[in-house]
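K.L.:
sharing a model prediction with you, sequence too.
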Amino acid sequence: MKRLQIAIMAGALVLAVQARANTETISINFAGDDSRTIGSGTVIGNQVSGNLYEAVSGSFTISAGPAFTLETYTLIPNPNPPNQSTSPSGYFYFDNTVADGMTPFLDNNGLLFHNGTLELNLYWSGGNSVDGYVLYDNKGVNIGGSAYESAVGSVPDGGMTIALLGGALMGLAGLRRKLVC
């Protein structure tokens with residue numbers, strides 16, 4: 001009986017101190033230099049450190065422009081975050097990292113999306129302004145332009161729920177011990 005109580009208390013302690021990643025919902029807007037290409041999307045990122053997030057889910061929609069297929073593309077998760085990976089087609093390098101509140105908010109690897117057959121990479125190509133971004137597909141179509149990001153809000157991480165559950169289990173284990181002894 002004593003072993004069971006110790007096991008319950010140990011499990012509760014693990015639950016109580018379990019660390020969970022902070023997540024952020026980030027909105028992205030792109031306007032091509034051709035004055036016709038427009039895209040926007042939202043990604044959910046897990047905090048890597050400080051204001052750096054690894055996008056783990058999301059989508060990007062091309063809503064106007066003659067060069068790209070007008071549809072919604074889904075984020076391809078990075079299998080090796082936050083390091084650089086190669087896209088499934090082998091056409092792009094990507095890392096899906098977003099620096100929230102920074103200019104630039106993407107690096108040269110950028111975010112990778114797909115629509116089932118076509119890959120779309122949004123990345124920063126250089127410079128020190130918002131105009132250094134490129135939207136590029138794996139058929140070779142690319143358009144430079146401006147891109148902006150804004151944090152929509154934090155996604156609850158469930159850490160408090162886990163801590164409360166762990167604390168409740170520890171309390172029950174202690175109460176049981178008090179009643180039995």
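P.N.:
Cool, the structure landed.
K.L.:
on the three-state scheme, Tyr73 is what?
P.N.:
Secondary structure, DSSP: H, G, I helix; E, B strand; the rest coil: Tyr73 is strand.
K.L.:
hey, what's it bridged with?
P.N.:
Here Tyr73 sits in beta bridges with Phe60, going by DSSP bridges.
K.L.:
and it, how many neighbours?
P.N.:
Here the number of neighbours of Tyr73 (other CB atoms under 10 Å) works out to 25. Every C-beta, even on glycine, is put in place using the N, C-alpha and C of the backbone.
K.L.:
contact partners for it?
P.N.:
Listed by CB atoms under 8 Å, 6 or more residues apart in numbering, the contact partners of Tyr73 are 41, 59-62, 113-115, 118, 120.
K.L.:
let me see the mean pLDDT of stretch 99-107.
P.N.:
For stretch 99-107, the mean pLDDT works out to 93.
K.L.:
again with stretch 59-78
P.N.:
Stretch 59-78 comes out at a mean pLDDT of 96.
K.L.:
what about that stretch, how long is it end to end?
P.N.:
End-to-end distance for stretch 59-78: 14 Å, by CA to CA, to the nearest Å.
K.L.:
buried sites along it?
P.N.:
60, 62, 65, 68, 73-76, 78 (16 or more other CB atoms under 10 Å).
K.L.:
centre of the chain to the helix or strand Ser146 falls within, how far?
P.N.:
Assigned by DSSP states H and E, Ser146 belongs to strand 142-155. Strand 142-155 sits 13 Å away from the centroid of its parent chain (CA atoms, centre = their mean, to the nearest Å).
K.L.:
what lines up beside that strand in the sheet?
P.N.:
For strand 142-155, pairing defined by DSSP bridges yields strand 23-32 (antiparallel), strand 133-137 (antiparallel).
K.L.:
pick the most deeply packed of those.
P.N.:
Mean neighbour count (mean count of other CB atoms under 10 Å) peaks for strand 133-137 among these, with a mean of 23.
K.L.:
run through this structure and note the low-pLDDT ranges.
P.N.:
1-21, 128, 153-181 (pLDDT under 70).
K.L.:
for the nearest residue to Gly101 once chain neighbours are set aside, give me its contacts.
P.N.:
Using CB to CB, 6 or more residues apart in numbering and skipping the chain neighbours, the partner closest in space to Gly101 is Asn51 (5.5 Å). By CB under 8 Å, 6+ apart, the residues touching Asn51 are 99-102.
K.L.:
still on that earlier bit, got the contacts of Tyr73 as CSV, with distance to Gly127 columns?
P.N.:
Shown next, in CSV, are the contacts of Tyr73 (distance: CB to CB, whole Å):
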residue, distance to Gly127
Gly41, 22
Ser59, 27
Phe60, 22
Thr61, 25
Ile62, 23
Phe113, 23
His114, 27
Asn115, 29
Leu118, 27
Leu120, 21
